[in-house]
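Pasting a predicted model and its sequence here:
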Amino acid sequence: MVSISLPDGAIKQISIGSTLLDIAQSISPQFAKKVLVGSVNGQLKDLSCIVEYDCAVKFYTWDEKEGKETFWHSSAHLMAEAIESLYPQVKFWVGPPIDHGFYYDIDFGAQHLSETDLLKIEEKIYSLLQKPVDFQRQNISKKEAIDYFTKKGDHYKLDLLEQLQDGSISFYHQGNFTDLCRGPHIPNTQFIKAIKLTSIAGAYWKGNEKNKMLTRIYGISFPQQKLLQEYLIYLEEIKKRDHRKLGKELSIFTFDDDIGQGLPLWMPNGTIIIEELEKLAKETEHKQGYFRVSTPHIAKESLYITSGHLPYYQESMFPPMEMDGTKYYLKAMNCPHHHKIFNAEPRSYKDLPYRLAEYGTCYRYEQSGELFGLMRVRCLHMNDAHIYCTKEQFASEFKLVNDLYLEYFKIFNVDNYVMRLSLHDPAKLGQKYINEPELWKETEDMARQVLINSNIPFVEVQDEAAFYGPKIDVQIYSAIGREFTLATNQIDFAQGKRFELNYTTKDNTAETPLIIHRAPLGTHERFIGFLLEHYAGRFPLWLAPQQVKIIPISDKFLTYSNQVLAQLLEQNIRCSVDTRSEKIGKKIRDAELLKIPYMVVIGEKELESQKLSIRKHGLTEGYSLEVQEFSTQLISEIKSKK
Ligand SMILES: [Zn+2]
Ligand SMILES: [Zn+2]
């Protein structure tokens, strides 16, 4: 007998030769039907795996990440089988699961594949699913594996085999398909009830642009047809909310070849949003005692040598420009500039915590293939700040920063968020991590305690901290549940020393401050990209570039419309009159397409009664108010930021 410990602490005795599936069945046959993969002592294994020694066993269904990933990776094998039967000359590289689904990188030889071919492949997959088959594992010697793929003329798999150790190599078979894979997989293709090949793209072999371009086919699969339907609706919603599409439709930002890739131009509408966000940041930071500063966009090489950006971060910086025999770099981060401001005057413990904030413009070199709308750019405006404090002040400062995050989440209706607390590994002190064991322990404990006390959902990850201190990555989810990495909140006990920052203590000695780097609103680029998706372009009144559109029914009402306009402008409300000689229906439709929060229609009745016919975006019922009442209502709505 072998004894198995389960996650709930239960110990089970099973007979030697039992598989993971046997164990799942002994727990409950109902449960066993849902189980996709298991793990033995933390290592994922096929359910057909025989348990030969005492160990800890865990099972995963579709509801767990491990279950989904195994499901999707197995689906990639199934797709490969369909593709190989349609295009026998193909060669496969790798087919991993991703956040939503899977892909496979494939060499189709001379064949050029288009989106319509995906339907053909999909059909083939469904016909294969008519006769479900097991995923079977076969351990194989390196020599046999090499022979197999040499015969097949597949240099991609031979390349993979080169890095593998004899004795650790396995093939997986399903139907007529064999793949080199370490597994695990789901037991049988019958679990796959729905599959959709979503897109096709080019991908360089091994991600290297000097290599051949392979065809990457993306897909997603589900254990129920219903889940696929839901996913397709979600995809439609994502398309509608695509920040690049909305950014163009709503004239938020644009790109121009003569400016350069990854360098967005903010149009008047986008700039209004930027200014509102900065106003919000200014107000909230002011209440927390921050000072605003402003720093140049370039600095000398020596600054970045001190900061350590050169040479470690050089790849992400724009190449230097030379002037008067000195190299200057565009700034990739604001921190070094702020440290210089800290050091510009003598500081005492009475000055701490010293909080410097700047919506700093940074420039980062991203490969052109990595650029993506506003999400990955080469010029970014960061909601940056650095807090210089004593060890004793750290916990309360860190709490203030977290409160700021929570305050912003409330304002922007972000109710789904997670913080990832990345910790160091004590075994790597002095190598991967700065050798300050006490400080690590203290700051990590304090950060954890603050997160717990603030009721902030968080996960801890070992061995992921920055070199100079623990960090907290903030993940937020948009209204349709898509994840965005917002910003990093970092604790730093290295930069202070590098920049020889110090303050005079009570006892008149010099001490280095701790530094907190924080950027709760991330960058304008990423945050506005997020907001476009989150609100589907329907910005709340306080952020909306255009708040009110006044629509005269005909030119006859222009004079009165302009009077109303003047009254609203007087109250700082962003509005304009649609003076075009278009039909009223078109004017209304256009204002709706621009997602302007309020429309005011002015005709005979309005002129006579001196009241406005008001309609809120998205509502069919209108109402009427006097101009004064309307502007009071707008001002209070703007103030509430709802
Ligand atoms: Zn596999
Ligand atoms: Zn910083």
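Nice, thanks for sending it over. Ligands and ions are numbered 1, 2, ... in the order given.

Looking at the stretch 1-150 of the chain, what residue ends up closest to ligand 2?
Nearest residue of the stretch 1-150 of the chain to ligand 2 (Cβ to the ion) works out as Asp99 at 28.1 Å. Just so you know, the C-beta spots here come from the backbone N, C-alpha and C atoms, and that holds for glycine as well.

residue contacts, Ile434?
Counting by Cβ atoms under 8 Å, 6 or more residues apart in numbering, Ile434 touches 467-469, 493-494.

Any chance you could list what contacts the helix or strand of the chain with the lowest mean pLDDT?
When the helices and strands of the chain are compared on mean pLDDT, DSSP states H and E, helix 309-312 comes out lowest with a mean of 80. With contact meaning Cβ under 8 Å, 6+ apart, helix 309-312 is reached by 301, 304, 317, 329, 332-333, 336.

which is the next helix or strand following it?
strand 321-323 (DSSP states H and E).

Figure out how far that next one is from the centre of its chain.
In terms of Cα atoms, centre = their mean, to the nearest Å, the centre of strand 321-323 is set 36 Å apart from its chain centre.

Look at the closest residue to ligand 2 within the stretch 101-250 of the chain and say how many residues are nearby.
Closest contact between the stretch 101-250 of the chain and ligand 2, by Cβ to the ion, is at His243 (25.7 Å). His243: 23 surrounding residues under other Cβ atoms under 10 Å.

Can you name the residues of the stretch 251-400 of the chain sitting close to ligand 2?
Along the stretch 251-400 of the chain, the residues adjacent to ligand 2 under the rule Cβ under 5 Å from the ion are Cys335.

So which residues of the stretch 251-400 of the chain form helices?
268-287, 301-307, 309-312, 335-343, 391-411 (DSSP state H, counting those that start in this stretch).

Dump the fourth one to CSV, keeping only the CA atoms.
Spelled out, it's helix 335-343. Output of helix 335-343 as CSV, limited to C-alpha atoms (Å, rounded to 0.1, in the frame of the first residue of the first chain):
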residue,chain,number,x,y,z
CYS,A,335,13.7,58.6,-9.8
PRO,A,336,17.2,59.8,-10.3
HIS,A,337,16.0,63.3,-11.0
HIS,A,338,13.9,63.3,-7.8
HIS,A,339,16.8,61.9,-5.8
LYS,A,340,18.9,64.9,-6.9
ILE,A,341,16.1,67.2,-5.7
PHE,A,342,16.1,65.5,-2.3
ASN,A,343,19.9,66.1,-2.1
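
The residue of the stretch 101-250 of the chain closest to ligand 2 and Glu533: what is the separation?
5 Å (Cβ to Cβ, to the nearest Å).

Thr509 now?
Thr509 is 51 Å from Glu533, by Cβ to Cβ.

Determine the angle, from 0 to 180 degrees, between the helix or strand that contains Ser631 and helix 268-287.
In this assignment (DSSP H and E), Ser631 forms part of helix 627-640. Helix 627-640 and helix 268-287 are oriented at 60 degrees to each other (axes from the mean of the first three to the mean of the last three Cα atoms, to 10 degrees).

Which residues does helix 627-640 contact?
So helix 627-640 is contacted by 541-542, 547-548, 564, 567-568, 571, 573, 598, 600, 610, 612, 614, 625 (Cβ under 8 Å, 6+ apart).

which residue does the stretch 301-450 of the chain bring closest to ligand 2?
Closest to ligand 2 within the stretch 301-450 of the chain is Cys335: 3.3 Å, counting by Cβ to the ion.

from what I can see that residue touches Ser307, true?
Yes. When contacts are counted by Cβ atoms under 8 Å, Cys335 is listed as touching Ser307 (6.9 Å).

Dig out what Met419 forms beta bridges with.
Phe458, Val474 (DSSP bridges).

could you list every residue that touches it?
Going by Cβ under 8 Å, 6+ apart, Met419 touches 451, 456-459, 472-475, 489.

Which of the three states applies to the one residue sitting closest to the centre of the chain?
In the chain, the C-alpha nearest the mean C-alpha coordinate belongs to Phe484, at 2.8 Å (Cα atoms, centre = their mean). Under DSSP: H, G, I helix; E, B strand; the rest coil, the three-state class of Phe484 is strand.

List the contacts of it.
Applying Cβ under 8 Å, 6+ apart to Phe484 gives the contacts 475-478, 526, 530.

What's the separation between Gly618 and Gln462?
The gap separating Gly618 from Gln462 is 47 Å, by Cβ to Cβ.

so what's the one residue in the stretch 501-642 of the chain that gets nearest to ligand 2 closest to, chain neighbours aside?
In the stretch 501-642 of the chain, no residue comes nearer to ligand 2 than His517, which is 3.4 Å away by Cβ to the ion. Nearest non-adjacent residue to His517, counting by Cβ to Cβ, 6 or more residues apart in numbering: Gln490, 4.3 Å away.

for Thr579, same thing?
Leu558 is the one closest to Thr579 (Cβ to Cβ, 6+ apart), at 6.7 Å.

Just say which of the helices of the stretch 251-400 of the chain is most tucked in.
Among the helices of the stretch 251-400 of the chain, ranked by average contacts under mean count of other Cβ atoms under 10 Å, first place goes to helix 335-343 (a mean of 20).

Run through the neighbouring helices and strands of it.
Counting contacts by 3 or more Cβ pairs under 8 Å, 6 or more residues apart in numbering; DSSP states H and E, helix 335-343 packs against helix 301-307, strand 354-363, strand 379-389, helix 495-498, strand 514-518.

nearest to Phe59, of these?
strand 514-518 (40.4 Å; Cβ to Cβ).

Report the next helix or strand after the closest one in sequence order.
helix 524-534.

which SS class is Ile480?
coil.

Now do the contacts for it.
Contacts of Ile480 by Cβ under 8 Å, 6+ apart are 234, 237-238, 241, 533.

if we can go back for a sec, as a markdown table, the helices and strands packed on helix 335-343 with mean pLDDT would be great.
Listed next are those as a markdown table, based on pLDDT from 0 to 100:
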| stretch | mean pLDDT |
| --- | --- |
| helix 301-307 | 93 |
| strand 354-363 | 97 |
| strand 379-389 | 97 |
| helix 495-498 | 92 |
| strand 514-518 | 95 |
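
now the ones you listed in CSV, with distance to Leu265?
What follows is the helices and strands packed on helix 335-343, written out as CSV (distance: least, Cβ to Cβ, whole Å):
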stretch, distance to Leu265
helix 301-307, 28
strand 354-363, 14
strand 379-389, 10
helix 495-498, 33
strand 514-518, 28
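
For Gln13, which of the ones you listed is the nearest?
Using Cβ to Cβ, the helices and strands packed on helix 335-343 put strand 514-518 closest to Gln13, at 52.7 Å.

Understood, closing this out.
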